[in-house]
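> Take a look and give me a structure for this.
(one chain, ligands or ions: 2)
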Amino acid sequence: MARAAVGLASERTALALVILAASVLAADFGRLEAHAREALDAGADWLHIDVMDGHFVPNISFGAPVMRGLRALADETGTPFDVHLMIEDPDRYLDAFAEAGAATITVHQEACPHLHRTVQAIHALGCRAGVALNPATPLETLEEIAPDLDLVLVMTVNPGFGGQAFIEGSVDKVRRCRHLLDRRRSRAVIEVDGGIAPDNVRRIVEAGAEVVVAGSAVFRGDVAANVTAFRQATALRA
Ligand SMILES: O=C(CO)[C@@H](O)[C@H](O)COP(=O)(O)O
Ligand SMILES: [Fe+2]
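Ligands and ions are numbered 1, 2, ... in the order given. As a prediction, the model looks like this:
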């Protein structure tokens, strides 16, 4: 199956695709590459890399060295790395993730006192820049930075763990985010992350999400069947 193109805006306007980003946090780390390959072979578009530091969020996951371990697979398949930094002071690690092959680097609004500078630094490294919002963080915090962004990540669970329940109010937040981005003439796409499964993905896509992150719903059980279920639920592409 053809992979989604790299240009985010063209994906939205020309192809109307939903991008499925498989979160390897839910993969079997004992066979990480093989498990990630199963998701890509089944049609997942991006590999979502959840980096947790035990400070910004109450959990520790992995860093750039583990992502580097997936680099050969990403290069072979032409798969973009979608890096979600749930860490304090992310500026210190931007170059490490860019060097490890990140296509998009997303930082948390709550972790960046100088967010505009951080976004500029991500762009200077040749990556697309995303900003994530925790469930309790108002969309209005994006008002000034929106035109500079390539991606807004609306967290649909509190960050830190896979396998949590989707927060229902997120659907309306995505809808309002779409309005804000349009009003600010931002080219940013909306990504949603946390508790997304075939039984709720359609409502979220209809609200305006174009990139869907899924961990448990991809890697638990039959990966190929899981990815197919996402495709059938959105029914926006074969
Ligand atoms: O960023 C995070 C969690 O903080 C996510 O990317 C999770 O990894 C998604 O996992 P599921 O909710 O799909 O299991
Ligand atoms: Fe994530």
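> which residue ranges form the strands in this protein?
19-23, 46-52, 81-86, 102-108, 128-133, 151-155, 189-193, 211-214 (DSSP state E).
> I'd like the average pLDDT over the second one.
Regarding strand 46-52, the rounded mean pLDDT is 98.
> Contacts (any at all) between ligand 2 and it?
Yes - applying Cβ under 5 Å from the ion, one finds strand 46-52 in contact with ligand 2 at residue 50. From N, CA and C alone the C-beta is placed, and that goes for glycine too.
> Close to ligand 1: what parts of the protein are there?
Proximity of the chain to ligand 1 is assessed by Cβ under 6 Å from any ligand atom, with 23, 25-26, 48, 50, 84, 86, 157, 159-164, 193-196, 213-217 identified as the residues in range.
> can you do 8 Å?
The chain comes close to ligand 1 at residues 23, 25-26, 48, 50, 52, 57, 59, 84, 86, 155, 157-164, 166, 193-197, 213-218, as judged by Cβ under 8 Å from any ligand atom.
> Low-confidence ranges, this protein, go.
Per-residue confidence of the chain (counting by pLDDT under 70) places the weak regions at 1-17, 236-238.
> tell me, which helix in this protein spans the most residues?
Longest helix in the chain, counting residues (DSSP state H): helix 170-183.
> Any buried residues in that helix, and which?
Buried residues in helix 170-183, counted by 16 or more other Cβ atoms under 10 Å: 170, 171, 173, 174, 177, 178, 180, 181.
> contact partners of it?
Outside helix 170-183, the residues within contact range by Cβ atoms under 8 Å, 6 or more residues apart in numbering are 135, 139, 142-143, 146, 152, 154-156, 186, 188, 190, 192, 203-204, 207-209.
> Quick check: ChimeraX command selecting the buried ones in these.
Per 16+ other Cβ under 10 Å, the buried members of the contacts of helix 170-183 correspond to this ChimeraX selection:
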select :139,142,146,152,154,155,156,186,188,190,192,204,207,208,209
